[in-house]
Every structure is written in C-alpha cells, then in structure tokens.
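In: Please find the sequence and the predicted model below.
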Amino acid sequence: MIRRTFDAKSIPGNGYLVCDAEIKALELKLPELIVQADWDEYAKHLASDYLHTRDNGQVENKEETMAALRDIKRKIIVMEMEPDDLLIHIYGDTAISSAKFTIRVREAGQVKSRVIRQSDVFAKNDGQWLLVAEQATVVGK
C-alpha cells in the first residue's frame, strides 16, 4: 500500500506527482542495490552529509556506513528486502518517506527474517534526490 501527502503550495503545477514518483522509484531501487551489494551505485544516492541511525541507536555518517556495507567480514548479509506500507510526504525539495520492510538475512550461517520500520529523508540537489538521513527500527523486538 502506498499513501501520499504533500505540501501543494510548495510545488507548482503537478510537480508533486513527479517528485512522488521519483521518491517511490528510489525507495524501490535502494533495497535492490543493498541485496545486490552494488555499493558504488548505492553510494551515489547518499548525500555527502548523510546520517544513518541504526536500530540500536548508533549513528553513522556516509563513510562509516559505506565501510560497514563493503566489509567482506560482515556478519549479516541481506538476501531480500520487500517494502510495504510506503508513505511519502513531499515538501518542495525535501521528501520524507516511511516504509515497513520484511527482510531476509543470512546471519551466523542461518537465514532469518525480520521486519523493520524505516524513515528516510531525501533532499533534491542539482535535480537529483539524495538520501540525507535514515533511521530503522526493528518491529516486534
């Protein structure tokens, strides 16, 4: 299910529809890049001042996040990320989205499933939407 809200006064004409489609496309593309471990492409979608708040409260900048993702000794490998209940808010050149993801991971040799609720903040810079901040919470933990 996808729900949308927007500040119509801040976006002329039908621009909010375009912005909404762009954010939705990114919210579907970014999990695929994680599953494919395409870190160079993933990094292109992160702002230089990107911040990631993990489910344990740890905050990482872009460099720390990318180093953790590229670490070949990672203990958790994401195998699948399925988005659901995507809610998008557009405010001019800023967008906020919230989604629930069902994730399958390989951890300590076992395949496990978990559900997270993730909030993302995007900013449009030189015509491109970049992920500025994200926060994930494990549901049912």
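Out: All right, it came through fine. Numbers count the residues shown, from 1 in each chain.

In: Could you list the low-confidence segments of this structure?
Out: Under the criterion pLDDT under 70, the flagged ranges of the chain are 1-17, 141.

In: Do I have it right that V115 meets G140?
Out: Yes. Using CB atoms under 8 Å, V115 is in contact with G140, at 6.4 Å. C-beta: built from backbone N, CA, C; applies to glycine.

In: Okay, strands next: where are they in this structure?
Out: 2-6, 46-53, 59-61, 76-91, 94-107, 110-125, 128-138 (DSSP state E).

In: And the longest helix along the chain, what's buried?
Out: Assignment by DSSP state H gives helix 15-36 as the longest helix of the chain. Of the residues in helix 15-36, 16, 19-20, 22-24, 26-27, 30-31, 33-34 count as buried by neighbour count, 16 or more other CB atoms under 10 Å.

In: Identify the residues contacting V132.
Out: Applying CB atoms under 8 Å, 6 or more residues apart in numbering to V132 gives the contacts 47, 49-51, 121-123.

In: okay, those in CSV with distance to K100 and neighbour count next?
Out: Below are these laid out as CSV (distance: CB to CB, whole Å; neighbours: other CB atoms under 10 Å):
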residue, distance to K100, neighbour count
A47, 24, 17
D49, 27, 11
Y50, 22, 21
L51, 21, 18
V121, 17, 18
F122, 18, 26
A123, 23, 16
